[in-house]
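> just need the structure, nothing else, for what follows:
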Amino acid sequence: MSHWPALNTMAFYGLGMLDLYHQGAFKSSKNSGENLGRGGFTKKAEDMYKFKVPQLYNLKDSPHYGHSASMKTIREVVRYKNLAIPENPNVLASALAAEFIPQNLTDSQIDDLVAFLTFGLRDPYLDRYEPTSVHSGNCIPANDPMSEVDLGCE
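Prediction:
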């Protein structure tokens, strides 16, 4: 995976996580295109069950992890990726990322990685970068008229 300064990538990867409907997320159903990740939009076989990799900053502040919110802690995500056993029976092995292989980390290495992701990449004052206004006069952070309505900051 190629990483950018935000500690993420612009690529999409299949990690075999549960579909949205498995967790009741976003009122999704078994046949929702969102379950297919990028493939639900492009309709290309090579994009099925591939999702965008989120940034690693401030992961500690997230209430859920994985595109279906099937994991509740950073430790769960690290263990999942360490074992590399897909939890979604709908995802074919051919859709899984080549990097999704057992890592064979020890419990101590998992503890260290979880601590780094939890505290080493956390900036509790990230809001200091949020502008107080934008030239358009629109709502922060989205800066477009539709978000003004959606966020109720008209």
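> alpha carbons only for contacts and neighbour counts from here, please
Fine.
> and the chain, what are its domains?
Under the assignment automatic domain parsing, the domains of the chain span 12-123, 130-154.
> can you tell me which of the ones you listed has the worst average pLDDT?
In terms of mean pLDDT, the lowest-scoring of the domains of the chain is domain 130-154 (a mean of 73).
> list the buried residues in that one.
Neighbour counts over domain 130-154 (16 or more other Cα atoms under 10 Å) mark Asn138, Cys139, Ile140, Ser147, Glu148 as buried.
> quick one, phi psi at the residue nearest the centre of the chain?
The C-alpha lying nearest the average C-alpha coordinate of the chain belongs to Pro54 (Cα atoms, centre = their mean; 4.4 Å). Pro54 adopts backbone torsions of phi -80, psi 160, taken as degrees, to the nearest 10.
> could you do Leu83 as well?
The phi/psi pair for Leu83 (degrees, to the nearest 10) reads phi -80, psi -30.
> who's in contact with it?
With contacts defined as Cα atoms under 8 Å, 6 or more residues apart in numbering, Leu83 is in contact with Ile101, Pro102, Gln103, Asn104.
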